[in-house]
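In: Could you work out the structure for the sequence below:
(chains A and B)
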There are 2 protein chains.
Amino acid sequence: MSQPLHSLTAVEAAMRIAGGTITAETLVRSCLERIEAREPDVGAWTFIDRDGAIAAARAIDRQPGSGLLRGIPIGVKDVVETAGMPTGYGSLIYHTHRPMADAVCVTQSRAAGAIVLGKTVSTEFAFRRAGKTSNPHDRRYSPGGSSSGSAAAVADTMVPLAIGTQTGGSVIRPASYCGVYGLKPSFNLLSLSGVRHLAESFDTLGCMARTLDDVVLYRAALLGIAHRPLPRDVAAPRLGFCRTPFWEEAQPAMRAMVEESVARLAAAGATVSDFAIADDGRAVLDACWVINKFEGARLFAYDAMHHPDGISSAARQLVEEGSAIPLDAYFAAVRTVDRMRMRLDADLVDIDALVTPSAPGEPPLGLTDTGPIPFNVLWTAAHTPALSVPAGKGPNGLPLGLQLVGRRFDDDRLLHAARWVERALGLVR
Amino acid sequence: MSQPLHSLTAVEAAMRIAGGTITAETLVRSCLERIEAREPDVGAWTFIDRDGAIAAARAIDRQPGSGLLRGIPIGVKDVVETAGMPTGYGSLIYHTHRPMADAVCVTQSRAAGAIVLGKTVSTEFAFRRAGKTSNPHDRRYSPGGSSSGSAAAVADTMVPLAIGTQTGGSVIRPASYCGVYGLKPSFNLLSLSGVRHLAESFDTLGCMARTLDDVVLYRAALLGIAHRPLPRDVAAPRLGFCRTPFWEEAQPAMRAMVEESVARLAAAGATVSDFAIADDGRAVLDACWVINKFEGARLFAYDAMHHPDGISSAARQLVEEGSAIPLDAYFAAVRTVDRMRMRLDADLVDIDALVTPSAPGEPPLGLTDTGPIPFNVLWTAAHTPALSVPAGKGPNGLPLGLQLVGRRFDDDRLLHAARWVERALGLVR
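Out: A predicted model of the protein is given here:
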């Protein structure tokens, strides 16, 4: 029996559509069937545009074209604005909101021929309050957040690609928990215009996929640049093993997976050195939290004022705590993070990728806690590109992600290193 | 005869309202009358919310309260989203657009008690195509752009305060041309959430007023912090005289005004040194333009695709040129600007303010060209705070602005230096 279409990678599906062996419509219908079958268990979506997606697929099938994502179904996190589709920001307040225009990332996706199947579940305003999504590997566990639905939908082969956003760890952590690839590029490499903000200093647009090749394809489409697939063979990279100051907070299985991976990568020919963050990691983490509160408070102010009953207590608390932060404390925090960013920029010149945990370990039990963020915040604040590679399983059989972190504005170097790493670890043929 | 209410500063008006000697309604009506009388000549507004403003004023007069801007009328640039008021982004496409929520800066203004009189003219998407606004000092001349209406409305005493945005020189230059104070704070100090982007790396929210004290008051309201008025007497600052690499492009009257100001400031006791930008200014300017095009192209892509007849040829050209920029060139430009930003950060540690032109000189004749930006772009890209101080007149009797530039995230130091400067130059009593 042949592989069901919904489980094709984006690269495979795009090739088959371009070659005329499948139509966009059959692919879209296969994904919609998968969603119909699995959505009651997974709960990845806030809105499914069944008719719109089939119509868009038919339009593509009728007309020749050359977009990178011609006919490829995608999921779009609900904090991202979409014309003609609800955009609720994961909040109770905005369920009637239908923006006049697509966010830039949706514009670029559609311009490349992608078909938006619908909106994926986000935590409220990409902050704390979790949505309905469960982990597709075991529905008792969290999919992670805030890009919960995007990670779960990709992991469950409902769509090959999905858009996420990260302010703390909202792309890398759910990617780790759901066992998919998650890319958080350098800050502002992908436009956030049309996306709800949580903390402007950190908010970063990213994407999820089931293979590295798909990540590279989607990134090219989102950037509107030519697609240059990663070569099969790349030079052995210079890696830094970064335990981070939070190593003891990682689960034993995660520590073991990362340590074994590092050993195998060194044995396979990578240059591996220990890498310690020069700054006081906990002080930077505290500074990040000051910035997140200060900026989050002003971003939530309108809703706290006009819809006090529509926001969660976590959001209300952010407004209260953030509004109390003195300007001097905010500036000091900004300077602290800025120093770390510059230092990392210098310290990563000769390192192609840091190797570090994507998350503390397996996802938390239950659907209210989307998991801790210390293994993500520093890299988000540093504006460095980061990639979660599904690289192992924990004692409950749930995924563990290996995080690769590159130098700021050196995203291509990171992706090449990732190609070598996934082959050296035997994660792909 | 007493001073008409519409020409009161925000500080004066707020004191009178708080003291009960005038009502918010009489102030609002006075401003509306001024607008009615002068708008046919000035053309500062795209929308005037006469009834809403009077209703808001009455509501304020009925209830005691303590906001910093209680009853103070403001103008909001049309690229800024306002609930219940049109938000056209200066474009032909969005004239029917009525956002579901206020932008953060409007939320903060209203929370402080400000009354939004309406939306002020912006160039199309804060880019090139000029609106209808003329310079209130002489209607044959440009008010500058892109915050044309905000600068003109404040200069013409239609409102004491207005919001602007700057990507190249869109706050400082119109402030200079219209003879008002314009503040462009450090990057991201004021939230841009709910504001149309032109280039995310540079876009900065600012404000205009007719006095420095009003700038300081409005900034406190926008930040949601306590208002600490500048003291009358501050220590003599350490100033850097920065001609910039574009000095020869300034008009003789501007060069003379800046040179004379520097001499008078030195004579009055300021420490003044010559300050040269360590980087190649023209190379940085070129890099800024690469970034502006790359980011602008993606930001305009939706409208270029869906409303090709609704955008100007300048906007179309930005999309075409920006889409052709290779990713490597963008990254190189980002790194060039980043280096300059870091170097300036180091070089300004012991300087309270640079003194430099706000614009090449008097505004251009005619309403299609809003003026050149070389005296603004570097500071916007450097993320440094900048203030335009109305400090002279040119041969046509039109305003000349003196630009003061501070260190990134050191906005308070700049404002204190500005207080000393305006007193030393005899611009205030």
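
In: alpha carbons only for contacts and neighbour counts from here, please
Out: Will do.

In: Could I get the full set of strands for the stretch 101-250 of chain A?
Out: A:115-120, A:161-166, A:181-184, A:204-209, A:238-241 (DSSP state E, counting those that start in this stretch).

In: Can you give me the separation between the spatially closest residue to residue A:217 that is not a sequence neighbour and residue A:46?
Out: Once flanking residues are discounted, residue A:217 sits nearest to residue A:227: 6.1 Å by CA to CA, 6 or more residues apart in numbering or on different chains. Per CA to CA, to the nearest Å, residue A:227 is found 31 Å from residue A:46.

In: ok, these two, which is more surrounded?
Out: It is residue A:46, of residue A:227 and residue A:46, that has more neighbours when counted by other CA atoms under 10 Å in any protein chain shown, with 21 against 14.

In: Is that one located within a helix, as I assumed?
Out: No - under the criterion used here (DSSP: H, G, I helix; E, B strand; the rest coil), residue A:46 is strand, not part of a helix.

In: Next, the contact list for it, please.
Out: A:78, A:118-121 (CA atoms under 8 Å, 6 or more residues apart in numbering or on different chains).

In: Determine which two of those residues are furthest apart.
Out: Spatial extent of the contacts of residue A:46 (CA to CA) is set by the pair A:118 and A:121 at 9.9 Å.

In: overlap in contacts of those two?
Out: In contact with both residue A:118 and residue A:121: A:45-46, using CA under 8 Å, 6+ apart.

In: of the two, who's got more company?
Out: residue A:121 (33 against 23).

In: If you drop the residues flanking it in sequence, what lies closest to that one?
Out: Leaving aside its chain neighbours, residue A:121 sits nearest to residue A:149 (4.3 Å; criterion: CA to CA, 6+ apart).

In: From what I see, the one you found and residue A:90 are in contact.
Out: No - if you go by CA atoms under 8 Å, residue A:149 and residue A:90 don't touch, sitting 10.6 Å apart.

In: Identify the contacts common to the two.
Out: A:121-122.

In: list the contacts for the residue nearest to residue A:217?
Out: Contacts of residue A:227 by CA under 8 Å, 6+ apart are A:68, A:216-217, A:220-221.

In: which one among those residues gets closest to chain B?
Out: residue A:220 (10.0 Å; CA to the nearest CA).

In: Show me where chain A dips below the pLDDT cut-off.
Out: Residues of chain A meeting the criterion pLDDT under 70: A:1.

In: Closest to the centroid, which residue in it?
Out: Centroid-nearest residue in chain A, with CA atoms, centre = their mean: residue A:171, separated by 2.5 Å.

In: quick one: contacts for that residue?
Out: For residue A:171, counting by CA under 8 Å, 6+ apart, the contacting residues are A:145-147, A:151, A:164-165, A:182-184, A:206-208.

In: Next, format those as CSV and append neighbour count and distance to chain B.
Out: Output for the contacts of residue A:171, formatted as CSV (neighbours: other CA atoms under 10 Å in any protein chain shown; distance: CA to the nearest CA, whole Å):
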residue, neighbour count, distance to chain B
A:145, 36, 22
A:146, 34, 19
A:147, 39, 20
A:151, 43, 25
A:164, 34, 18
A:165, 30, 16
A:182, 34, 21
A:183, 31, 17
A:184, 30, 16
A:206, 32, 16
A:207, 31, 17
A:208, 35, 21
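
In: Closest to residue A:22 out of these?
Out: Closest approach to residue A:22 among the contacts of residue A:171 (CA to CA): residue A:208, at 23.5 Å.

In: So what sits opposite the residue nearest to the closest one when sequence neighbours are not counted in the bridge?
Out: Leaving aside its chain neighbours, residue A:208 sits nearest to residue A:182 (4.5 Å; criterion: CA to CA, 6+ apart). For residue A:182, the beta-bridge partners under DSSP bridges are residue A:208, residue A:388.

In: re earlier: can I get the contacts of residue A:227 in a markdown table including neighbour count and distance to residue A:289?
Out: A markdown table is the format used below for the contacts of residue A:227 (neighbours: other CA atoms under 10 Å in any protein chain shown; distance: CA to CA, whole Å):
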| residue | neighbour count | distance to residue A:289 |
| --- | --- | --- |
| A:68 | 26 | 39 |
| A:216 | 21 | 31 |
| A:217 | 23 | 34 |
| A:220 | 21 | 32 |
| A:221 | 23 | 33 |
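
In: what's the most distant pair in the residues you listed?
Out: A:68 and A:216 (11.1 Å).

In: So which bits of the stretch 151-300 of chain A are right by chain B?
Out: A:188, A:191, A:193, A:197, A:200-201, A:224-225, A:295, A:298-299 (CA under 8 Å from any CA of the partner chain).

In: Tell me which entries of these lie within helices.
Out: A:295, A:298-299 (DSSP state H).

In: Buried among those? Make that a PyMOL selection.
Out: To isolate the buried ones among these in PyMOL, judged by 16 or more other CA atoms under 10 Å in any protein chain shown, type:
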select buried, chain A and resi 295+298+299
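
In: can you list the ones in helices among the residues of the stretch 151-300 of chain A next to chain B in a markdown table and add distance to residue B:368?
Out: Output for these, formatted as a markdown table (distance: CA to CA, whole Å):
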| residue | distance to residue B:368 |
| --- | --- |
| A:295 | 37 |
| A:298 | 36 |
| A:299 | 36 |
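
In: And the closest residue to residue A:319 other than its chain neighbours, how close does it get to residue A:164?
Out: Leaving aside its chain neighbours, residue A:319 sits nearest to residue A:297 (4.0 Å; criterion: CA to CA, 6+ apart). Counting by CA to CA, the gap from residue A:297 to residue A:164 is 22 Å.

In: quick one: which of the strands of the stretch 101-250 of chain A is nearest residue B:125?
Out: strand A:204-209 (22.6 Å).

In: hmm, who's touching that closest one?
Out: A:150-151, A:154-155, A:160-167, A:171, A:175, A:180-188, A:190-192, A:215, A:218-219, A:380.

In: Return the set of buried residues in stretch A:8-17.
Out: Quick answer for stretch A:8-17 (16+ other CA under 10 Å): A:8-11, A:13-15, A:17.

In: again, but for stretch A:309-319
Out: Of the residues in stretch A:309-319, those with enough neighbours to count as buried (16+ other CA under 10 Å) are A:311-312, A:315-316, A:318-319.

In: So what touches it?
Out: By CA under 8 Å, 6+ apart, stretch A:309-319 touches A:91-93, A:124, A:127-129, A:293, A:296-298, A:300-301, A:303-304.

In: Mind doing that once more with 10 Å?
Out: A:91-94, A:124-125, A:127-129, A:292-301, A:303-305, A:308, A:320-324 (CA atoms under 10 Å, 6 or more residues apart in numbering or on different chains).

In: And these, which of them are buried?
Out: Using 16+ other CA under 10 Å as the burial test, the contacts of stretch A:309-319 include A:91, A:93-94, A:124-125, A:127-129, A:292-301, A:303-304, A:320, A:322-323 as buried.
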